[in-house]
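Participant: Build me a model from this:
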Amino acid sequence: MRKRVIVFGEVLWDMLPTGKELGGAPSNFAYHLGVLGADATVCTRIGNDPLGKEIEEAFEAHNLSKKFLQVDDRFPTGTVQVELDGKGQPTYNIVENVAWDYIDGTREVLSDVRRADAFYFGSLALRTDKNRETLDAILSVLPTKALRFFDLNLRAPFYTKRIIRDCLAQADVLKLNDEELTTLARLFIDRIPSSIMPGDNIIQEKDRTATGETELLPSAMNWLEILMNMYHLDHVVLTCGSRGSFIFDSQGHRSYCEAKEVEIVSTVGAGDAFTAVCALGMMDHRPLDETNRKASEYAAKVCTFAGAMC
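Facilitator: As a prediction, this is how the structure comes out:
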């Protein structure tokens, strides 16, 4: 049977130099889940405006379910101004007080959540009290067997230590990148010894172990272990861009995969594509190395296209 995944959070237009593209990590994640064969439904909100109508059309064009695509008469559809550097790396200017800041936990949403195999949520959509209340309502009815996938997705200034702490306490899986690992450690510096704080560079550059595996610095490894134990996480997924990716589990196993070299057009959405493969692998209890390799290959393919949904 197809895995049923409820995805909570923002949907918006990424205003790229080449034009606008449907975006937002949750909708990107749901799109790639659908491509990979899962039944993913995004719980989000758009404005009753032309940009909102275009999102409805884009959902249809990308075979994304509109079942929980709510329409707001007060607030506009979300937009983000995206600029790409010479290497395709994005910077974001995220507009506030938009429709996806006010997602409702409707009776229909809560009913479907009770039958979910997995639930995905990120930190960005939790910048409002309304969305935090809705998330709490959803988590209160989510089956204990359902995988709870937390995508850290830090976007300053839209996060606080309290929000991150509450999310970690509800998660089974944490996904983050190397920059977010350092930021997260600094947020929690009062809970860990300063001697094991990871620095800005958490990977031993081009340094290989006897087994031919790239290593995290000991400080980063120690911090991840503390984080997993502190919040009883089953898995941590750590992406490091061109330096590869790691997956860790609570049994002490870990997997490293080198990043596949491709001609990059844009990295927008690549992390969400990687996350989608990881979520499916974990729902199917696949080996870490297999999941990591497939996620890396799929994300690399996404980097060869413009836009997050290719």
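Participant: Please identify which helix or strand holds the residue nearest to residue 68 when sequence neighbours are not counted.
Facilitator: Closest residue to residue 68 apart from its sequence neighbours, by C-beta to C-beta, 6 or more residues apart in numbering: residue 43 at 4.2 Å. All C-beta atoms are positioned from the backbone trio N, CA, C, and that covers glycine. Using DSSP states H and E, residue 43 sits in strand 39-47.
Participant: what's downstream of that strand, the next helix or strand?
Facilitator: By DSSP H and E, the next helix or strand past strand 39-47 is helix 50-61.
Participant: and the next element down the chain from that next one?
Facilitator: Following helix 50-61 toward the C-terminus (DSSP H and E): strand 69-72.
Participant: What mean pLDDT does the strand holding residue 43 get?
Facilitator: The average pLDDT within strand 39-47 is 97.
Participant: quick revisit: what number of residues lie near the residue nearest to residue 68?
Facilitator: For residue 43, the count of nearby residues is 31 (other C-beta atoms under 10 Å).
Participant: so where do the helices sit in the stretch 1-150 of the chain?
Facilitator: For the stretch 1-150 of the chain, helices defined by DSSP state H, counting those that start in this stretch occupy the ranges 25-35, 50-61, 107-113, 129-141.
Participant: on that earlier part again, my read: the residue nearest to residue 68 touches residue 10, true?
Facilitator: No: under the criterion of C-beta atoms under 8 Å, residue 43 makes no contact with residue 10, lying 10.7 Å away.
Participant: Between helix 50-61 and the strand holding residue 43, find me the angle.
Facilitator: On the basis of axes from the mean of the first three to the mean of the last three C-alpha atoms, to 10 degrees, strand 39-47 is oriented at 170 degrees to helix 50-61.
Participant: which other helices and strands contact strand 39-47?
Facilitator: strand 4-8, helix 25-35, helix 50-61, strand 69-72 (3 or more C-beta pairs under 8 Å, 6 or more residues apart in numbering; DSSP states H and E).
Participant: Which of the helices and strands in this structure ranks last by mean pLDDT?
Facilitator: strand 203-208 (a mean of 48; mean pLDDT, DSSP states H and E).
Participant: Against residue 101, how distant is residue 93?
Facilitator: From residue 93 across to residue 101, the span is 16 Å (C-beta to C-beta, to the nearest Å).
Participant: who has more neighbours, those two?
Facilitator: Set residue 93 next to residue 101 and count neighbours by other C-beta under 10 Å: residue 101 wins out with 20 against 10.
Participant: how close does that one sit to residue 133?
Facilitator: 12 Å.
Participant: got it, and residue 33?
Facilitator: 26 Å.
Participant: Tell me which of those two has more neighbours.
Facilitator: residue 33 (28 against 13).
Participant: Next up, the contacts around the more buried one.
Facilitator: 3, 5, 7, 40, 276, 279-280 (C-beta atoms under 8 Å, 6 or more residues apart in numbering).
Participant: Just give me the closest of these to residue 129.
Facilitator: The closest of the contacts of residue 33 to residue 129 turns out to be residue 7 (C-beta to C-beta; 21.0 Å).
Participant: Could you give the bridge partners of the closest one?
Facilitator: Beta bridges link residue 7 to residue 42, residue 120, judged by DSSP bridges.
Participant: quick one, phi/psi of residue 179?
Facilitator: With angles defined as degrees, to the nearest 10, residue 179 sits at phi -70, psi -40.
Participant: quick one: the helices in the stretch 201-310 of the chain?
Facilitator: Secondary structure of the stretch 201-310 of the chain (DSSP H, counting those that start in this stretch): helices located at 218-231, 270-283, 288-302.
Participant: quick one, the second one and strand 39-47 angle?
Facilitator: Counting by the same axes, to 10 degrees, helix 270-283 lies at 140 degrees to strand 39-47.
Participant: on that earlier part again, what would the helices of the stretch 201-310 of the chain look like in a markdown table with distance to residue 148 and mean pLDDT?
Facilitator: Shown next, in a markdown table, are the helices of the stretch 201-310 of the chain (distance: least, C-beta to C-beta, whole Å; pLDDT from 0 to 100):
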| stretch | distance to residue 148 | mean pLDDT |
| --- | --- | --- |
| helix 218-231 | 11 | 82 |
| helix 270-283 | 11 | 95 |
| helix 288-302 | 17 | 95 |
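Participant: and those helices as JSON lines, adding distance to residue 140 and mean neighbour count?
Facilitator: Conversion of the helices of the stretch 201-310 of the chain to JSON lines gives the following (distance: least, C-beta to C-beta, whole Å; neighbours: other C-beta atoms under 10 Å):
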{"stretch": "helix 218-231", "distance to residue 140": "19", "mean neighbour count": "17"}
{"stretch": "helix 270-283", "distance to residue 140": "22", "mean neighbour count": "24"}
{"stretch": "helix 288-302", "distance to residue 140": "29", "mean neighbour count": "19"}
